[in-house]
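Chemist: Dropping the sequence and predicted coords here.
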Amino acid sequence: MKTGSKIILAVAGIVVVGAIVYRAVNTAPPESMPADERIVKIMDEGGCAECHTADPALPFYANWPIARKVITEDIVEGYKAFDIAPMMAAIANGEAVNEVDLAKVEKVVMDGTMPLAKYYLIHWGSSLTRKKTDMVLAWVSEERARFYPNTLAAPEFANESIRPIPDAVEYDPAKAELGKLLYHDTRLSADGSVSCATCHGINTGGVDNLKYSEGIGGQLGGVNAPTVFNAVFNFAQFWDGRAATLADQAAGPPLNPVEMGCSSFDEIVARLAKDKAFVKAFNAAYPEGLSQATITDAIAQYEMTLITPNSPFDRYLKGDKEAMTAEEIKGFELFKEYSCATCHAGVNMGGLSYELMGQRADYFKDRELQEKSGLTDGDNGRWAQTGIERDRFRFRTPGLRNVALTYPYYHDGSVKTLEEAVRMMAKYQVGEELTDAEVASITAFLHALTGEYNGQVLVNDNMKE
């Protein structure tokens with residue numbers, strides 16, 4: 001036999017053996033295994049935890065000179081993008097996996113971008129076969145149906161990562177009416193000049209359209225005021241997530257020396273107690289009387305009413321094909337294609353996770369170069385609450401409902417237009433440079449997120465000519 005033929009046969013033999021070994025080590029979990037256990041097995045075999053946890057178990061070759069740099073970079077980037085530990089803990093405890101985590105897993109599996117090729121070329125059992133992929137996507141769909149039933153959407157949209165806003169949420173009408181009065185009451189501030197509505201105007205999209213809001217004595221806050229509309233759907237309040245509930249959030253500004261400047265809620269109670277008519281009405285709803293707990297609960301009850309259903313996008317998800325234009329629909333598809341619908345998931349299209357500002361490019365470095373402004377306390381984000389270095393520059397994602405009304409954008413209020421915000425998000429979060437046409441389509445889609453409040457399309461009086 002000629003040497004060339006021998007080489008060909010040898011190579012063929014290696015390929016055949018390799019295929020047999022690959023098939024042997026990359027077998028999908030059996031259908032008889034419970035779905036959660038199958039997913040855990042697929043994640044384990046895929047080596048997900050080797051890049052997506054705080055303290056990964058590294059392979060023996062991780063310290064080899066050539067491998068060290070590549071592996072370290074992959075781990076750093078992987079952990080920045082996604083911490084798999086909360087998801088695995090939720091699965092183990094039979095609890096709901098965060099909607100954003102589900103969306104992230106679904107997206108990379110659908111795109112075939114995880115695990116990285118350079119990983120599965122060495123770890124043959126880690127790559128996703130068609131059967132494994134189908135198992136993961138089916139599990140995501142089942143998790144959504146189980147924990148986040150999308151009953152308002154048309155069947156074709158039932159498994160979307162975004163859900164329509166419901167027409168109402170449960171609240172106490174009597175308490176909400178009192179909360180409405182308190183929300184607009186300047187007696188919650190030390191000098192009687194500022195109310196909740198000062199920075200979160202009901203007629204201005206739930207914001208004040210300022211870079212930084214103005215508190216008592218003309219003092220400026222350190223971050224842009226988020227909208228109050230649909231805040232009930234957020235998993236935490238404030239950019240840094242320091243308030244777990246709407247009531248917790250309502251307790252913050254009155255005691256903030258920059259915002260409303262009161263020394264304590266006792267001071268607020270004393271002022272309100274002089275209003276006999278108000279106290280009588282308040283005691284009817286809250287027999288325990290005025291206190292920090294009851295005042296903030298009343299405001300929270302009112303804020304539960306501040307939802308904006310029935311946007312063109314909501315109607316489209318419910319099955320109305322005429323609710324959105326062709327360009328808006330194209331924008332929705334691009335929104336999903338560029339992974340926007342992963343972090344901006346759920347009812348409020350955001351507000352469900354903390355994400356790094358500058359995932360793919362250094363936002364803060366560029367901002368300093370362009371605006372000659374250095375870092376501020378407000379830039380620390382979630383780190384201010386946890387002290388964990390990974391949380392520095394990480395913020396609770398803003399909800400995108402009514403985003404066309406809530407300029408300026410980002411936590412620092414540095415971006416004036418929606419088009420600019422879209423283009424920059426693609427650069428800093430996704431690592432993509434959008435065309436002008438893509439920016440126009442996505443922006444058109446974002447305009448279709450403006451909903452209705454009390455049966456009328458939400459407007460911003462600051463935008464009226």
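Modeler: Good, I have the coordinates.
Chemist: quick one: contacts for Ala273?
Modeler: Counting by CB atoms under 8 Å, 6 or more residues apart in numbering, Ala273 makes contact with 279, 290. Every C-beta, even on glycine, is put in place using the N, C-alpha and C of the backbone.
Chemist: Look up how far Ile295 lies from it.
Modeler: 11 Å (CB to CB, to the nearest Å).
Chemist: Check Pro86 too.
Modeler: 33 Å.
Chemist: Which one's more surrounded, the two?
Modeler: Here Pro86 and Ile295 are compared on neighbour count by other CB atoms under 10 Å; more neighbours surround Ile295, at 25 against 14.
Chemist: secondary structure element for the more buried one?
Modeler: helix 292-303 (DSSP states H and E).
Chemist: can you list the residues that contact that helix?
Modeler: 171-172, 175-180, 182-183, 188, 196, 228, 231-232, 245-251, 265, 268-269, 272, 282, 285-286, 288.
Chemist: try stretch 405-418
Modeler: Taking CB under 8 Å, 6+ apart as the rule, stretch 405-418 contacts 204-207, 209-212, 223-224, 227, 239, 357, 367, 371, 376, 378-379, 381, 395, 403-404, 420-421, 424, 443, 446-447, 450, 458-460, 463.
Chemist: In helices, which of those residues fall?
Modeler: Using DSSP state H, 367, 371, 420-421, 424, 443, 446-447 are the members of those that sit in helices.
Chemist: out of these, what pair is the most spread apart?
Modeler: Glu371 and His447 (27.1 Å; CB to CB).
Chemist: neighbour-wise, which of those two wins?
Modeler: His447 (20 against 10).
Chemist: so what's the more buried one closest to, chain neighbours aside?
Modeler: Ala404 (4.7 Å; CB to CB, 6 or more residues apart in numbering).
Chemist: Kindly report the same for Val347.
Modeler: Per CB to CB, 6+ apart, closest to Val347 is Phe233, 4.5 Å.
Chemist: these two touch, right, the one you found and Met349?
Modeler: No. Shown here, Phe233 and Met349 do not form a contact pair, counting by CB atoms under 8 Å, at 9.1 Å.
Chemist: Now do the shared contacts for those two.
Modeler: With CB under 8 Å, 6+ apart, Phe233 and Met349 have common neighbours Gly399.
Chemist: Among the two, which residue is more densely surrounded?
Modeler: Met349 (27 against 20).
Chemist: so where do the strands sit in the chain?
Modeler: For the chain, the strands defined by DSSP state E occupy 354-356, 394-396, 452-453, 456-457.
Chemist: Mind listing the strands the last one pairs with, and their directions?
Modeler: The one in question is strand 456-457. Strand pairing for strand 456-457, using DSSP bridges, gives strand 452-453 (antiparallel).
Chemist: can you check the first one too?
Modeler: Paired strands of strand 354-356, with direction, are strand 394-396 (antiparallel) (DSSP bridges).
Chemist: now the strand it pairs with, how far from the centre of its chain.
Modeler: Taking CA atoms, centre = their mean, to the nearest Å, one finds the center of strand 394-396 at 8 Å from the center of the full chain.
Chemist: For Pro164, which residues are in contact?
Modeler: Here Pro164 is in contact with 150, 152-153, 309, 314, 317-318, 347 (CB under 8 Å, 6+ apart).
Chemist: let's see 10 Å
Modeler: Contact analysis of Pro164 by CB atoms under 10 Å, 6 or more residues apart in numbering lists 150-154, 157, 309-311, 313-318, 347, 451.
Chemist: Next: Val97.
Modeler: Neighbours of Val97 in contact, by CB under 10 Å, 6+ apart: 36, 39, 86-91, 105, 139-140, 143-144, 146-148.
Chemist: so who does the spatially closest residue to it that is not a sequence neighbour touch?
Modeler: Sequence neighbours aside, Ala90 is the residue nearest to Val97 in space, at 4.7 Å (criterion: CB to CB, 6+ apart). For Ala90, the contact set (CB under 10 Å, 6+ apart) comprises 36, 96-98, 101, 143, 147.
Chemist: Only the buried members of these: can you turn that into a PyMOL selection?
Modeler: In PyMOL, a selection of the buried entries from the contacts of Ala90 looks like this (16 or more other CB atoms under 10 Å):
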select buried, resi 36+97+98+101+143
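Chemist: can you name the two of the contacts of Ala90 that are farthest apart?
Modeler: Going by CB to CB, the pair spanning the contacts of Ala90 furthest: Asp36 and Asn98, at 15.3 Å.
Chemist: The closest residue to Gly261 other than its chain neighbours: neighbour count?
Modeler: Closest residue to Gly261 apart from its sequence neighbours, by CB to CB, 6+ apart: Ala190 at 3.8 Å. A count of neighbours around Ala190, defined by other CB under 10 Å, yields 21.
Chemist: Model confidence for Ala190, exactly?
Modeler: With respect to pLDDT, Ala190 has a value of 97.
Chemist: Please report the distance of it from Tyr212.
Modeler: 19 Å.
Chemist: what do you get for Val430?
Modeler: In terms of CB to CB, Val430 sits 27 Å off from Tyr212.
Chemist: Those two - which one has more neighbours?
Modeler: Counted by other CB under 10 Å, Val430 and Tyr212 do not tie: Tyr212 has more neighbours, with 20 against 17.
Chemist: List the residues that contact that one.
Modeler: For Tyr212, the contacting residues are 199, 219-225, 258, 376, 378, 408, 412-413, by CB under 10 Å, 6+ apart.
Chemist: Distance check, it against Pro398.
Modeler: To Pro398, Tyr212 is 16 Å away according to CB to CB.
Chemist: got it, and Ser353?
Modeler: On the measure of CB to CB, Ser353 and Pro398 end up 11 Å apart.
Chemist: same question, Ala284
Modeler: Computed as CB to CB, the Ala284 to Pro398 distance reads 37 Å.
Chemist: Between those two, which has more neighbouring residues?
Modeler: Per other CB under 10 Å, whichever of Ala284 and Pro398 has more neighbours is Pro398, with 22 against 10.
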